[in-house]
Each structure stands twice: as C-alpha cells, then as structure tokens.
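Participant: here is a sequence with its predicted model. Questions after.
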Amino acid sequence: MPEEIVLPLLAADPATFTGTAFIRLLAGAESECRIKLYYVRFERNARTWWHAHEGVQILTISQGCCRYQRESEPVREAVAGESVRFEPGVRHWHGAAEEQTAEHIAVNLEVRETRWMEEVSDTDYRAILGKTP
C-alpha cells in the first residue's frame with residue numbers, strides 16, 4: 001500500500017493577503033505546460049491584494065462565497081460550484097465575503113510570476129460593498 005502524503009496547509013503571506021487565509025500547493029509542473037494548483041481558504045473578510053498573473057488563472061469555488069473584482073469592473077461574487085477566469089495581465093483581487101468564508105482551487109496556467117500590487121484596504125473593501133467603514 002502506498003504511503004499517505006499529507007500536504008501542509010500554510011498561513012498565507014501577510015505581504016500579499018489581508019486577514020486570515022491559508023494556502024496549499026496541490027500540484028505543479030514546470031515542463032511543457034506550466035501549471036500550478038492551489039487550495040486557498042479565506043476566513044470572513046480575508047482577501048488577496050491586487051495582483052496580476054502572466055498566464056490565465058481559473059478559480060473554482062468549492063465552499064462559501066468568493067468575492068472578486070477585476071480592475072475597472074464592479075465587485076462580483078461566485079459560490080460553490082461556480083468558476084471565475086482571469087485573463088493574463090488582468091489586475092484583480094479575490095477573497096471571502098464579509099458574512100462567510102470561501103474556499104477555492106486556483107488553477108494557474110503558464111505560470112511564471114505573479115505581480116503583486118497594493119493592498120485592498122478595509123475602507124475600500126467596505127466602500128466597494130456600499131457600507132461605511
């Protein structure tokens with residue numbers, strides 16, 4: 001019987017995530033098709049900072065409500081069973097809603113580097129939701 005492999009769940013980097021979030025690399029390949037699969041869990045109000053990928057990123061929501069925004073577009077939400085696609089170079093952020101947690105699998109295609117930008121502030125996050133700080 002093969003040995004069981006347990007993949008660690010790590011705290012997300014506070015230099016690129018706001019709030020409490022956890023991340024785990026599930027699989028990655030550096031040959032022919034560069035691809036990385038991540039499991040990400042966001043506690044309420046947690047979110048990434050603004051960022052962009054060199055390749056396509058697809059989020060498949062596995063639990064809760066994932067809130068996301070592409071630059072110059074309104075905030076949207078996706079729930080368990082739905083997927084969201086970000087094209088290469090598109091500035092965006094994603095995370096949990098205020099009322100509930102979110103979990104997703106992130107599929108990053110042709111991954112080389114993620115370009116991290118500024119934090120989505122609490123004030124901006126609440127303003128986006130139409131609520132006062």
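Facilitator: Nice, thanks for sending it over.
Participant: and the closest residue to Arg47 other than its chain neighbours, bridged to which residues?
Facilitator: Distances taken as C-beta to C-beta, 6 or more residues apart in numbering place Gly95 nearest to Arg47, at 2.6 Å, with adjacent residues excluded. (Each C-beta comes from the backbone N, C-alpha and C, glycine too.) Here Gly95 sits in beta bridges with Arg47, Arg67, going by DSSP bridges.
Participant: could you do Val107 as well?
Facilitator: What pairs with Val107, by the bridge criterion (DSSP bridges), is Leu37, Ile58.
Participant: that one: how many residues sit nearby?
Facilitator: Look at Val107: counted by other C-beta atoms under 10 Å, it has 20 neighbours.
Participant: and stretch 18-34, end to end?
Facilitator: From its first residue to its last, stretch 18-34 covers 27 Å (C-alpha to C-alpha, to the nearest Å).
Participant: how about stretch 38-55?
Facilitator: Its start and end residues considered, stretch 38-55 measures 15 Å (C-alpha to C-alpha).
Participant: buried set for that stretch?
Facilitator: Buried residues in stretch 38-55, counted by 16 or more other C-beta atoms under 10 Å: 38-42, 44-55.
Participant: what residues are up against the residue minimising distance to the centre of the chain?
Facilitator: By C-alpha atoms, centre = their mean, the chain has its centre lying nearest to His94, at 4.9 Å. Listed by C-beta atoms under 8 Å, 6 or more residues apart in numbering, the contact partners of His94 are 47-48, 59, 66-69, 84, 104.
Participant: any idea how far it lies from Met117?
Facilitator: For His94, the distance to Met117 equals 14 Å [C-beta to C-beta, to the nearest Å].
Participant: distance from the host helix or strand of Val84 to the middle of the chain?
Facilitator: Here Val84 sits within strand 83-86, counting by DSSP states H and E. Remark: strand 83-86 is offset 10 Å from the chain centroid, using C-alpha atoms, centre = their mean, to the nearest Å.
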